[in-house]
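Colleague: Mind folding the following:
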Amino acid sequence: MTVLNSPILTPQRRAALSGAAYRIDFRVMLTVILILGLVARAWNLFGYPAFSDDEGTYVAQAWAVRNGLGLAHYTYIYDHPPLGWIQIAALSWIPTLVAPSLPAVAAGRIVMLVFAGVSIVLLYCVARRLRFSNWAALAATAVFAFSPLAIALHRQVFLDNIAVTWILIAFLLALSPRQHLGLQMLAGVTAAVSVLSKETLILAVPAILLALWQNSHPRTRNFATIGFVCGFVTTSAFYPLYALLKGELLWRDRDRVSMLEMLVYQLFGREGSGSVFDSQSHAYETLVGWSLQDTAILIVGTVSATVALFIRRLRGPALAATIPILIVAVRPDGYMPGMLVVQILPFFALTTVGVAQVLATALRSAAESARFRWVPGVVGMVAVALMLIVLPRWWDSSRREWTTTVNDPLTQAAAWFDDPHRIAGSERILTDDTIWLDLVALGYDPTREVLWHFKVDLDKEVKQQLTHGWQDLDYVVSTPTIRRTAGGLPTVSAALRNSRVVVAFGSGDDRVEIREISRP
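Modeller: The predicted model follows:
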């Protein structure tokens, strides 16, 4: 006789135990999705996608924080708020504990798995607070966990991955059934932490405020809003306060960086990405790159987010998804970050499944009428057909991510400098940030012997070291990033022109060359 069938139990107690067992099953299923989602991200973690200069920059800045050298490994220019890589620095003990000899970017990717795992669990919790059924919440979590686009982006050391974790926490607090003022203030604090991790998440703050407003009692909505705003503003104020105390908040002179000047540049000074409808634009190229990973979530998510704007309980996530899309559509001449889709993906997952659940409920009601009993069957067949189309494409994209290896040339180039017989040991090496920290780990002086290629033309302190420009360099590690950006960097361009290939790793556009400077 099972415990549930015991005659000692009252019907109420038996029902409670049965419900508890039912809930535990869903927790087990969530755990399975979490584990499989992390395995999907961890498999071939260091092989694909290619290490990018952005990843190397954030890891190097985290290294500077961890070693007490400041907020960046060069002059901190307020290009992004620093809280994102401060968190990477705080968790950097994890890859050191797991595999201390990993390349720097590879170690940073291990840290990203922590944020990915937390975000998967948070998305399920947010879905439940949006009154998703357990099955619907698990479906939304699965979409978020197994989308090939999400898998590829969550592997990379992007500040957006950190910020999304915090914005989901803010949503969870804003939707709390307790409606406590302290939780509502904390929602503002965590929203500010998200923005201080990556500034583009400011676009999701109105959605959180809307969710808070809808979830609040009519009598206390004003207090809830004030509490949220106070938490957000006071936390966000630490960033400009830091700049003010450093004397770098406003324009002062050419010898100082300026937070306001960088903010104006980020909003209005950056070269535009063009229109997503222009096949020659950078924005179109970025959109094509996303769609090659997962076309389905982009199309279905955009349609579902638009529909969800008309469904009250889904309006918050829908707003978080549509505001970035509208910003890109309204400002075709603006700059579209390649990582922008990271902050949209969780809300695409929520609105897609949320709209499907609302539609299923409506169909269930329609099925009670004899005239419409055929409708659920037809819709079910359409849903199965869509799954048969989407799932094989997801499998093909994911299999490519699990089997493709593109980072060997970079690791081989870094290893080439580990041989003391090849170079004297006091040369200046120009490289991008993908292997900058790896060369520092080999013992090269980060202030004199290893130079980040952007800084030789853009950082006054570095330029002062190179009194003869490119002729003061000895080696150039020619990576795809350096070749792509050299046109706007005179010293880097001259160094490439006046150098010869010593050894090359890989082939084609992805090759990495060790080039020795040929002085006149």
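Colleague: Touching, Leu439 and Asp433? I think so.
Modeller: No - using C-beta atoms under 8 Å, Leu439 is not in contact with Asp433, being 10.6 Å away. C-beta: built from backbone N, CA, C; applies to glycine.
Colleague: Give me the more crowded residue out of the two.
Modeller: Neighbours were counted for Leu439 and for Asp433 using other C-beta atoms under 10 Å; Asp433 has more, 27 against 21.
Colleague: how near is the more buried one to Ile151?
Modeller: Distance of Asp433 to Ile151, given as C-beta to C-beta, to the nearest Å: 24 Å.
Colleague: next one: Leu466
Modeller: Leu466 sits 42 Å away from Ile151, taking C-beta to C-beta as the criterion.
Colleague: of those two, who's got more company?
Modeller: Shown here are Leu466 and Ile151; by other C-beta under 10 Å, Ile151 has more neighbours (24 against 18).
Colleague: what's the average pLDDT for the helix or strand containing the more buried one?
Modeller: Applying DSSP states H and E as the criterion places Ile151 in helix 148-155. When pLDDT is averaged over helix 148-155, the result is 94.
Colleague: which other residues reach it?
Modeller: Contacts to helix 148-155, defined as C-beta atoms under 8 Å, 6 or more residues apart in numbering, come from residues 40-41, 45, 48-49, 109, 112-113, 115-116, 119, 144, 160-161, 290, 293-294, 297-298, 339, 341-342, 345, 394, 397-398, 401.
Colleague: So what's the residue count around Pro446?
Modeller: Neighbourhood size, Pro446 [other C-beta under 10 Å]: 20.
Colleague: for the helix or strand where Ala321 lies, packing partners?
Modeller: Secondary structure from DSSP H and E places Ala321 in helix 315-330. Applying 3 or more C-beta pairs under 8 Å, 6 or more residues apart in numbering; DSSP states H and E, we find helix 315-330 packed against helix 159-174, helix 205-215, helix 282-308, helix 345-367.
Colleague: And the third one, what's buried?
Modeller: Buried positions in helix 282-308, judged by neighbour count with 16 or more other C-beta atoms under 10 Å: 282-284, 286-287, 290, 293-294, 296-298, 300-302, 304-305, 307-308.
Colleague: tell me the angle that helix makes with helix 148-155.
Modeller: With axes from the mean of the first three to the mean of the last three C-alpha atoms, to 10 degrees as the basis, helix 282-308 and helix 148-155 are set at 110 degrees to each other.
Colleague: Over to the shortest one?
Modeller: Regarding helix 205-215 and helix 148-155, their directions subtend 110 degrees when assessed with the same axes, to 10 degrees.
Colleague: which residues in the stretch 1-150 of the chain form helices?
Modeller: For the stretch 1-150 of the chain, the helices defined by DSSP state H, counting those that start in this stretch cover 11-42, 53-66, 83-90, 93-98, 104-129, 134-146, 148-155.
Colleague: Make a markdown table from those helices and add distance to Glu199 to it.
Modeller: Below are the helices of the stretch 1-150 of the chain laid out as a markdown table (distance: least, C-beta to C-beta, whole Å):
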| stretch | distance to Glu199 |
| --- | --- |
| helix 11-42 | 25 |
| helix 53-66 | 14 |
| helix 83-90 | 10 |
| helix 93-98 | 26 |
| helix 104-129 | 17 |
| helix 134-146 | 23 |
| helix 148-155 | 18 |
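Colleague: Give the burial count for Ser493, as a bare number.
Modeller: Ser493 - counted by other C-beta under 10 Å - has 17 other residues nearby.
Colleague: for it, what are its contacts?
Modeller: Ser493 is in contact with 486-487, counting by C-beta under 8 Å, 6+ apart.
Colleague: repeat for Thr481
Modeller: Residues in contact with Thr481 (C-beta under 8 Å, 6+ apart) are 52-53, 432, 434.
Colleague: Need the max-distance pair from these.
Modeller: The largest separation in those, counting by C-beta to C-beta, is between Ser52 and Asp432 at 9.2 Å.
Colleague: Show me which of those two is the more surrounded one.
Modeller: Using other C-beta under 10 Å as the criterion, Ser52 and Asp432 rank with Asp432 on top: 26 against 20.
Colleague: hmm, back to that, right, and the helices and strands packed on helix 315-330 - which one's nearest His180?
Modeller: helix 159-174 (9.4 Å).
Colleague: Measure how the closest one sits relative to helix 345-367, angle-wise.
Modeller: Using the same axes, to 10 degrees: helix 159-174 against helix 345-367 is 50 degrees.
Colleague: Next SSE downstream of the helix or strand of the chain with the lowest mean pLDDT?
Modeller: Scoring the helices and strands of the chain by mean pLDDT, DSSP states H and E places helix 374-403 at the bottom, with a mean of 72. Helices and strands here follow DSSP H and E; after helix 374-403, the next one along the chain is helix 408-416.
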